[in-house]
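> Requesting a structural model of the entry that follows:
(one chain, ligands or ions: 3)
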Amino acid sequence: MAQSESATIALATQALDAFQIEIPSWGFANTGTRFGKFVQAAAASTIEEKFADAAEVHRLTGVTPTVALHVLWDLPNGIADVPKVKELEQQYGVLAGAINPNLFQDQEYKFGSLCNPSAAIREHAVKHVLDSIEIAKGLGCRDISLWLADGSNYPGSQSIRNRIGWLEDALRTAHDSLAHNQRLLIEYKPFEPAFYHTDIADWGMSSMLARAAGPQAQVLVDTGHHYTSQNIEQIVAWLLHTGLLGGFHFNDRRYADDDLTLGSIDPYQIFRIFHEIHQGLSEGLGTGIAYMIDQSHNLKGKMEATVQTVVTAQELWLKAALIDREQLAVYQQSCDIVAAEELYRGAFWTDVRPLAAAWRTAHGLPADPLAALRASDYVERAAKVRGSRSSAVSSYA
Ligand code: AFD
Ligand code: MN
Ligand code: MN
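Ligands and ions are numbered 1, 2, ... in the order given. Just a heads-up that it's a prediction; the model follows:
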(Lines give C-alpha, C1' and ligand atoms only; values in the text may rest on other atoms or scores of the structure.)
(Ligands and ions follow the chains in the order given, each with its own letter.)
Protein backbone atom coordinates (compact mmCIF):
# COMPACT_ATOMS: atom_id res chain seq x y z
CA MET A 1 0.00 0.00 0.00
CA ALA A 2 1.60 3.28 -1.10
CA GLN A 3 2.28 5.69 1.70
CA SER A 4 0.74 9.17 1.39
CA GLU A 5 3.19 11.88 0.48
CA SER A 6 2.88 13.52 3.88
CA ALA A 7 3.51 10.18 5.58
CA THR A 8 6.60 9.69 3.45
CA ILE A 9 7.88 13.16 4.31
CA ALA A 10 7.24 12.52 8.01
CA LEU A 11 9.06 9.20 7.77
CA ALA A 12 11.97 10.82 5.93
CA THR A 13 12.22 13.59 8.51
CA GLN A 14 12.24 11.10 11.36
CA ALA A 15 14.88 8.94 9.67
CA LEU A 16 17.21 11.79 8.75
CA ASP A 17 16.83 13.45 12.15
CA ALA A 18 18.04 10.20 13.71
CA PHE A 19 21.13 9.69 11.56
CA GLN A 20 24.61 10.97 12.29
CA ILE A 21 27.87 9.58 10.98
CA GLU A 22 31.44 10.05 12.20
CA ILE A 23 34.22 11.10 9.89
CA PRO A 24 37.84 9.88 10.20
CA SER A 25 40.64 12.37 10.73
CA TRP A 26 42.78 10.22 8.44
CA GLY A 27 40.32 10.71 5.61
CA PHE A 28 41.60 14.29 5.22
CA ALA A 29 45.30 13.41 5.25
CA ASN A 30 47.58 12.17 2.50
CA THR A 31 47.37 8.41 2.58
CA GLY A 32 48.34 5.92 -0.09
CA THR A 33 48.89 2.29 -0.87
CA ARG A 34 51.99 0.14 -0.48
CA PHE A 35 52.81 1.25 -4.01
CA GLY A 36 53.11 4.87 -3.11
CA LYS A 37 51.27 8.01 -2.18
CA PHE A 38 49.84 10.74 -4.46
CA VAL A 39 49.92 13.87 -2.34
CA GLN A 40 47.19 16.48 -2.58
CA ALA A 41 47.91 20.17 -2.04
CA ALA A 42 44.77 20.64 0.08
CA ALA A 43 45.40 17.58 2.25
CA ALA A 44 45.40 18.13 6.01
CA SER A 45 48.57 17.27 7.82
CA THR A 46 47.99 18.71 11.28
CA ILE A 47 45.28 17.90 13.80
CA GLU A 48 44.06 21.48 13.48
CA GLU A 49 43.67 21.17 9.70
CA LYS A 50 41.79 17.91 10.20
CA PHE A 51 39.41 19.62 12.65
CA ALA A 52 38.97 22.50 10.18
CA ASP A 53 38.06 20.06 7.39
CA ALA A 54 35.75 18.06 9.67
CA ALA A 55 34.02 21.27 10.75
CA GLU A 56 33.47 22.27 7.10
CA VAL A 57 31.95 18.86 6.32
CA HIS A 58 29.64 19.28 9.32
CA ARG A 59 28.73 22.84 8.25
CA LEU A 60 27.75 21.52 4.83
CA THR A 61 25.97 18.32 5.88
CA GLY A 62 24.81 18.90 9.46
CA VAL A 63 25.25 15.23 10.41
CA THR A 64 28.95 14.80 11.22
CA PRO A 65 29.47 16.34 14.68
CA THR A 66 32.34 14.02 15.63
CA VAL A 67 35.70 13.10 14.11
CA ALA A 68 37.48 9.83 14.85
CA LEU A 69 41.07 10.28 15.97
CA HIS A 70 44.12 8.03 15.54
CA VAL A 71 46.29 8.21 18.65
CA LEU A 72 49.79 8.23 17.11
CA TRP A 73 48.82 10.30 14.08
CA ASP A 74 46.62 12.90 15.83
CA LEU A 75 47.90 12.86 19.41
CA PRO A 76 51.60 12.08 19.00
CA ASN A 77 52.27 13.19 22.58
CA GLY A 78 49.48 11.03 23.95
CA ILE A 79 47.46 12.32 26.88
CA ALA A 80 49.54 15.54 26.83
CA ASP A 81 47.75 16.48 23.59
CA VAL A 82 44.27 16.28 25.14
CA PRO A 83 44.10 19.99 26.13
CA LYS A 84 44.99 21.00 22.56
CA VAL A 85 42.28 18.75 21.12
CA LYS A 86 39.78 20.25 23.57
CA GLU A 87 40.72 23.72 22.33
CA LEU A 88 40.19 22.60 18.73
CA GLU A 89 36.78 21.18 19.66
CA GLN A 90 35.79 24.58 21.02
CA GLN A 91 37.31 26.47 18.10
CA TYR A 92 35.79 24.38 15.32
CA GLY A 93 32.57 23.08 16.88
CA VAL A 94 33.15 19.39 16.20
CA LEU A 95 34.06 16.87 18.88
CA ALA A 96 36.56 14.05 19.09
CA GLY A 97 34.82 10.74 18.44
CA ALA A 98 36.18 7.21 18.54
CA ILE A 99 39.79 6.91 19.69
CA ASN A 100 41.88 4.56 17.55
CA PRO A 101 45.01 3.07 19.15
CA ASN A 102 47.84 2.36 16.74
CA LEU A 103 49.15 -1.16 17.21
CA PHE A 104 50.53 -1.67 13.74
CA GLN A 105 53.33 0.79 12.99
CA ASP A 106 55.96 0.39 15.72
CA GLN A 107 58.88 -1.74 14.53
CA GLU A 108 58.50 -3.96 17.58
CA TYR A 109 55.05 -5.01 16.35
CA LYS A 110 56.65 -6.90 13.46
CA PHE A 111 55.44 -10.23 14.92
CA GLY A 112 52.36 -8.80 16.57
CA SER A 113 51.28 -6.38 19.25
CA LEU A 114 48.79 -7.81 21.77
CA CYS A 115 49.49 -11.26 20.27
CA ASN A 116 53.28 -11.01 20.14
CA PRO A 117 55.14 -14.02 21.58
CA SER A 118 57.24 -11.57 23.63
CA ALA A 119 55.54 -10.73 26.94
CA ALA A 120 57.45 -7.43 27.03
CA ILE A 121 56.09 -6.38 23.63
CA ARG A 122 52.59 -7.44 24.60
CA GLU A 123 52.90 -5.32 27.74
CA HIS A 124 54.04 -2.34 25.67
CA ALA A 125 51.04 -2.78 23.39
CA VAL A 126 48.63 -3.13 26.32
CA LYS A 127 50.10 0.06 27.80
CA HIS A 128 49.38 1.88 24.53
CA VAL A 129 45.76 0.69 24.63
CA LEU A 130 45.45 1.75 28.28
CA ASP A 131 46.93 5.16 27.39
CA SER A 132 44.43 5.43 24.53
CA ILE A 133 41.60 4.69 26.96
CA GLU A 134 42.91 7.47 29.23
CA ILE A 135 42.94 9.83 26.25
CA ALA A 136 39.34 8.85 25.53
CA LYS A 137 38.45 9.54 29.17
CA GLY A 138 40.20 12.91 28.99
CA LEU A 139 38.19 13.84 25.90
CA GLY A 140 34.92 12.35 27.12
CA CYS A 141 34.91 9.84 24.23
CA ARG A 142 32.75 6.74 24.55
CA ASP A 143 34.44 4.40 22.08
CA ILE A 144 37.90 2.91 21.77
CA SER A 145 38.01 1.43 18.29
CA LEU A 146 40.62 -1.33 18.27
CA TRP A 147 42.03 -2.85 15.11
CA LEU A 148 44.95 -5.29 15.21
CA ALA A 149 47.14 -6.05 12.21
CA ASP A 150 48.41 -9.05 14.19
CA GLY A 151 48.87 -12.37 12.44
CA SER A 152 51.47 -14.36 10.55
CA ASN A 153 52.53 -14.93 6.96
CA TYR A 154 53.58 -18.54 6.95
CA PRO A 155 51.99 -21.75 8.22
CA GLY A 156 53.66 -23.15 11.31
CA SER A 157 55.48 -19.90 12.10
CA GLN A 158 53.23 -18.98 15.05
CA SER A 159 51.02 -20.75 17.63
CA ILE A 160 47.52 -19.59 16.73
CA ARG A 161 46.08 -20.73 20.07
CA ASN A 162 48.80 -19.19 22.22
CA ARG A 163 48.00 -15.92 20.51
CA ILE A 164 44.32 -16.32 21.30
CA GLY A 165 45.11 -16.68 24.98
CA TRP A 166 47.42 -13.67 25.05
CA LEU A 167 44.81 -11.61 23.23
CA GLU A 168 42.03 -12.58 25.63
CA ASP A 169 44.21 -11.51 28.58
CA ALA A 170 45.09 -8.19 26.95
CA LEU A 171 41.52 -7.33 26.01
CA ARG A 172 40.31 -8.21 29.50
CA THR A 173 42.90 -5.84 30.95
CA ALA A 174 41.83 -3.11 28.55
CA HIS A 175 38.16 -3.72 29.23
CA ASP A 176 38.67 -3.51 32.99
CA SER A 177 40.18 -0.03 32.65
CA LEU A 178 37.18 1.39 30.77
CA ALA A 179 35.00 4.00 32.43
CA HIS A 180 31.44 2.82 33.04
CA ASN A 181 30.14 4.62 29.95
CA GLN A 182 32.89 3.55 27.57
CA ARG A 183 33.06 0.71 25.05
CA LEU A 184 35.84 -1.35 23.52
CA LEU A 185 34.97 -1.96 19.88
CA ILE A 186 36.87 -4.97 18.52
CA GLU A 187 37.35 -4.81 14.76
CA TYR A 188 37.98 -7.89 12.59
CA LYS A 189 39.63 -8.27 9.20
CA PRO A 190 40.22 -11.52 7.27
CA PHE A 191 43.67 -10.63 5.94
CA GLU A 192 46.17 -7.81 5.27
CA PRO A 193 48.80 -6.98 6.36
CA ALA A 194 49.11 -10.56 7.64
CA PHE A 195 48.67 -13.00 4.81
CA TYR A 196 48.48 -16.47 6.37
CA HIS A 197 46.43 -15.93 9.52
CA THR A 198 45.07 -12.76 11.11
CA ASP A 199 44.43 -13.08 14.83
CA ILE A 200 41.02 -11.37 14.66
CA ALA A 201 39.87 -12.52 11.24
CA ASP A 202 36.09 -12.62 11.38
CA TRP A 203 32.99 -11.59 13.29
CA GLY A 204 32.95 -14.87 15.25
CA MET A 205 36.41 -14.28 16.65
CA SER A 206 35.57 -10.65 17.48
CA SER A 207 32.35 -11.79 19.16
CA MET A 208 34.05 -14.41 21.30
CA LEU A 209 36.84 -12.01 22.24
CA ALA A 210 34.26 -9.36 23.16
CA ARG A 211 32.35 -11.83 25.30
CA ALA A 212 35.60 -12.89 27.02
CA ALA A 213 36.70 -9.28 27.60
CA GLY A 214 33.51 -8.14 29.32
CA PRO A 215 30.08 -6.53 28.92
CA GLN A 216 31.42 -3.23 27.57
CA ALA A 217 33.16 -4.88 24.62
CA GLN A 218 31.39 -5.18 21.29
CA VAL A 219 32.14 -5.88 17.63
CA LEU A 220 33.12 -3.28 15.03
CA VAL A 221 32.07 -4.19 11.47
CA ASP A 222 34.24 -2.65 8.77
CA THR A 223 32.35 -3.20 5.52
CA GLY A 224 35.64 -3.66 3.63
CA HIS A 225 36.74 -6.47 5.94
CA HIS A 226 34.90 -9.41 4.40
CA TYR A 227 35.45 -11.93 1.64
CA THR A 228 33.81 -10.88 -1.60
CA SER A 229 30.82 -13.20 -1.31
CA GLN A 230 30.07 -12.72 2.39
CA ASN A 231 26.56 -11.74 3.41
CA ILE A 232 27.36 -8.77 5.65
CA GLU A 233 23.76 -7.93 6.48
CA GLN A 234 23.37 -11.45 7.88
CA ILE A 235 26.39 -10.82 10.14
CA VAL A 236 24.80 -7.53 11.18
CA ALA A 237 21.53 -9.32 11.98
CA TRP A 238 23.38 -11.83 14.18
CA LEU A 239 25.29 -9.07 16.00
CA LEU A 240 22.08 -7.12 16.56
CA HIS A 241 20.36 -10.27 17.81
CA THR A 242 23.18 -11.00 20.28
CA GLY A 243 23.65 -7.39 21.43
CA LEU A 244 27.24 -7.37 20.13
CA LEU A 245 26.94 -4.77 17.35
CA GLY A 246 29.06 -1.82 18.51
CA GLY A 247 29.44 0.02 15.25
CA PHE A 248 30.67 0.28 11.70
CA HIS A 249 33.58 1.47 9.65
CA PHE A 250 31.90 2.24 6.35
CA ASN A 251 33.65 2.14 2.99
CA ASP A 252 33.28 0.21 -0.23
CA ARG A 253 35.44 -2.31 -2.02
CA ARG A 254 35.67 -4.26 -5.22
CA TYR A 255 38.34 -6.78 -4.25
CA ALA A 256 39.79 -6.33 -0.77
CA ASP A 257 40.01 -3.65 1.90
CA ASP A 258 40.06 -0.96 -0.77
CA ASP A 259 38.63 1.81 1.41
CA LEU A 260 36.70 3.28 -1.53
CA THR A 261 33.88 5.71 -0.86
CA LEU A 262 30.72 4.17 0.61
CA GLY A 263 28.19 3.09 -2.00
CA SER A 264 30.56 3.59 -4.92
CA ILE A 265 30.68 -0.10 -5.83
CA ASP A 266 27.69 -1.74 -4.13
CA PRO A 267 25.14 0.72 -2.66
CA TYR A 268 22.55 -2.07 -2.42
CA GLN A 269 24.71 -3.86 0.18
CA ILE A 270 24.69 -0.80 2.46
CA PHE A 271 20.92 -0.48 1.93
CA ARG A 272 20.50 -4.12 3.00
CA ILE A 273 22.64 -3.48 6.10
CA PHE A 274 20.63 -0.38 6.96
CA HIS A 275 17.38 -2.31 6.59
CA GLU A 276 18.55 -4.79 9.24
CA ILE A 277 19.36 -1.85 11.50
CA HIS A 278 16.03 -0.09 10.95
CA GLN A 279 14.32 -3.41 11.66
CA GLY A 280 16.42 -3.86 14.80
CA LEU A 281 15.84 -0.31 16.01
CA SER A 282 12.08 -0.78 15.59
CA GLU A 283 12.42 -3.63 18.08
CA GLY A 284 14.66 -1.71 20.51
CA LEU A 285 17.92 -3.25 19.31
CA GLY A 286 21.08 -1.41 18.20
CA THR A 287 20.33 1.92 19.84
CA GLY A 288 23.99 2.72 20.58
CA ILE A 289 25.53 1.82 17.24
CA ALA A 290 28.46 4.01 16.14
CA TYR A 291 28.18 4.82 12.42
CA MET A 292 31.71 5.72 11.33
CA ILE A 293 33.47 6.17 8.01
CA ASP A 294 36.87 4.55 7.48
CA GLN A 295 38.18 5.45 4.04
CA SER A 296 41.39 6.47 2.36
CA HIS A 297 40.88 8.98 -0.39
CA ASN A 298 43.91 8.33 -2.52
CA LEU A 299 42.64 9.69 -5.85
CA LYS A 300 39.47 11.65 -5.09
CA GLY A 301 39.74 15.05 -3.42
CA LYS A 302 39.51 14.36 0.30
CA MET A 303 36.85 16.94 1.11
CA GLU A 304 34.74 15.99 -1.93
CA ALA A 305 35.04 12.28 -1.11
CA THR A 306 34.04 12.85 2.51
CA VAL A 307 31.01 15.03 1.70
CA GLN A 308 29.98 12.60 -1.06
CA THR A 309 30.22 9.71 1.39
CA VAL A 310 28.13 11.43 4.05
CA VAL A 311 25.42 12.36 1.53
CA THR A 312 25.38 8.81 0.12
CA ALA A 313 25.13 7.34 3.61
CA GLN A 314 22.15 9.59 4.37
CA GLU A 315 20.43 8.62 1.12
CA LEU A 316 20.90 4.88 1.65
CA TRP A 317 19.79 5.20 5.29
CA LEU A 318 16.65 7.00 4.10
CA LYS A 319 15.93 4.50 1.30
CA ALA A 320 16.06 1.65 3.82
CA ALA A 321 13.83 3.60 6.21
CA LEU A 322 11.14 3.82 3.53
CA ILE A 323 10.57 0.06 3.55
CA ASP A 324 7.06 -0.64 4.86
CA ARG A 325 8.31 -3.17 7.38
CA GLU A 326 4.86 -4.15 8.61
CA GLN A 327 3.74 -5.06 5.11
CA LEU A 328 7.07 -6.77 4.45
CA ALA A 329 6.53 -8.93 7.54
CA VAL A 330 3.17 -10.02 6.14
CA TYR A 331 4.77 -11.07 2.86
CA GLN A 332 7.63 -12.80 4.69
CA GLN A 333 5.21 -14.70 6.90
CA SER A 334 3.18 -15.83 3.93
CA CYS A 335 6.34 -16.51 1.90
CA ASP A 336 5.12 -14.27 -0.90
CA ILE A 337 8.63 -13.97 -2.33
CA VAL A 338 8.01 -11.64 -5.22
CA ALA A 339 5.72 -9.30 -3.26
CA ALA A 340 8.31 -9.09 -0.48
CA GLU A 341 11.08 -8.49 -2.97
CA GLU A 342 9.17 -5.87 -4.92
CA LEU A 343 8.38 -3.99 -1.72
CA TYR A 344 11.98 -4.26 -0.49
CA ARG A 345 13.62 -3.34 -3.80
CA GLY A 346 11.02 -0.65 -4.42
CA ALA A 347 12.41 1.31 -1.51
CA PHE A 348 15.91 0.95 -2.94
CA TRP A 349 14.77 2.21 -6.34
CA THR A 350 13.12 5.28 -4.75
CA ASP A 351 14.97 8.52 -5.59
CA VAL A 352 15.20 10.03 -2.12
CA ARG A 353 17.35 12.98 -3.16
CA PRO A 354 14.38 15.42 -3.22
CA LEU A 355 13.36 14.27 0.28
CA ALA A 356 16.92 14.66 1.54
CA ALA A 357 17.28 18.07 -0.12
CA ALA A 358 14.02 19.24 1.49
CA TRP A 359 15.23 18.01 4.88
CA ARG A 360 18.48 19.91 4.49
CA THR A 361 16.71 23.11 3.43
CA ALA A 362 14.39 22.81 6.41
CA HIS A 363 17.51 22.61 8.61
CA GLY A 364 19.17 25.62 7.03
CA LEU A 365 21.70 23.44 5.21
CA PRO A 366 22.70 23.47 1.55
CA ALA A 367 20.23 21.29 -0.38
CA ASP A 368 23.20 19.74 -2.22
CA PRO A 369 26.25 19.75 0.08
CA LEU A 370 28.61 18.43 -2.59
CA ALA A 371 27.59 21.16 -5.05
CA ALA A 372 27.96 23.73 -2.26
CA LEU A 373 31.48 22.50 -1.52
CA ARG A 374 32.42 22.61 -5.17
CA ALA A 375 30.95 26.09 -5.57
CA SER A 376 32.99 27.31 -2.60
CA ASP A 377 36.68 28.03 -2.60
CA TYR A 378 37.33 25.99 0.55
CA VAL A 379 39.55 23.43 -1.13
CA GLU A 380 41.40 26.04 -3.18
CA ARG A 381 42.07 28.11 -0.07
CA ALA A 382 43.29 25.05 1.80
CA ALA A 383 45.56 24.13 -1.12
CA LYS A 384 47.06 27.61 -1.10
CA VAL A 385 47.83 27.52 2.61
CA ARG A 386 48.87 23.87 2.80
CA GLY A 387 50.14 23.24 -0.72
CA SER A 388 53.75 24.23 -0.26
CA ARG A 389 54.15 21.80 2.60
CA SER A 390 52.41 18.74 1.18
CA SER A 391 54.20 18.99 -2.16
CA ALA A 392 57.43 18.77 -0.20
CA VAL A 393 56.34 15.36 1.06
CA SER A 394 58.15 12.62 -0.81
CA SER A 395 55.84 10.26 -2.62
CA TYR A 396 57.01 7.40 -0.45
CA ALA A 397 56.83 9.18 2.89
C1 AFD B 1 42.94 0.29 8.14
C2 AFD B 1 42.57 -1.04 8.76
C3 AFD B 1 41.34 -0.91 9.64
C4 AFD B 1 41.44 0.26 10.62
C5 AFD B 1 41.83 1.52 9.87
C6 AFD B 1 42.07 2.68 10.84
O7 AFD B 1 42.29 -1.97 7.72
O8 AFD B 1 40.18 -0.76 8.86
O9 AFD B 1 40.16 0.47 11.21
O10 AFD B 1 43.03 1.32 9.14
O11 AFD B 1 43.06 2.34 11.75
O12 AFD B 1 41.96 0.60 7.20
MN1 MN C 1 38.36 0.01 9.82
MN1 MN D 1 40.42 -1.40 6.80
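
> Would you confirm that residue 251 contacts residue 262?
Yes. Counting by CB atoms under 8 Å, residue 262 is a contact partner of residue 251 at 6.0 Å. The C-beta positions use only the backbone N, C-alpha and C, and glycine is treated the same way.

> Enumerate the residues of the stretch 1-150 of the chain near ligand 1.
100, 147 (CB under 6 Å from any ligand atom).

> about what we covered before: got any residues that touch both of residue 251 and residue 262?
Shared contacts of residue 251 and residue 262, defined by CB atoms under 8 Å, 6 or more residues apart in numbering, are found at 223, 293, 295.

> Can you tell me who the second one pairs with across the strands?
Spelled out, that is residue 293. Note on residue 293: beta-bridge partners residue 250, judged by DSSP bridges.

> any idea of the pLDDT on it?
If you check residue 293, the pLDDT there is 98.

> residues in contact with it?
21-24, 27, 249-251, 262, 306, 309-310, 313.

> Which parts of the stretch 51-200 of the chain are helices?
71-74, 82-92, 119-139, 160-176 (DSSP state H, counting those that start in this stretch).

> Residue 235 is nearest to which of those?
For residue 235, the closest of these is helix 160-176, at 20.1 Å, according to CB to CB.

> Counting neighbours, what do you get for the residue of the stretch 101-250 of the chain found nearest ligand 1?
Of all residues in the stretch 101-250 of the chain, residue 147 sits closest to ligand 1, at 4.0 Å by CB to the nearest ligand atom. When neighbours are defined as other CB atoms under 10 Å, residue 147 has 21 of them.

> Can you list the low-confidence ranges for this structure?
Along the chain, segments meeting pLDDT under 70 span 1-3, 389-397.

> If we use 90, what do you get?
Applying pLDDT under 90 to the chain flags residues 1-4, 387-397.

> Would you mind listing what in it touches ligand 2?
222, 249, 294 (CB under 5 Å from the ion).

> Would you mind measuring from residue 269 to ligand 2?
16 Å (CB to the ion, to the nearest Å).

> Spatially nearest residue to that residue (excluding sequence neighbours)?
residue 232 (6.3 Å; CB to CB, 6 or more residues apart in numbering).

> Report the contact partners of that neighbour.
Counting by CB under 8 Å, 6+ apart, residue 232 makes contact with 221, 223, 226, 269, 272-273.

> Now with 7 Å, please.
223, 226, 269, 273 (CB atoms under 7 Å, 6 or more residues apart in numbering).

> before we move on, the earlier item: could you dump the residues of the chain next to ligand 2 to CSV with neighbour count?
CSV is the format used below for the residues of the chain next to ligand 2 (neighbours: other CB atoms under 10 Å):
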residue, neighbour count
222, 22
249, 28
294, 27
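
> so which of those comes closest to residue 281?
Nearest to residue 281 among the residues of the chain next to ligand 2: residue 249, at 19.7 Å, using CB to CB.
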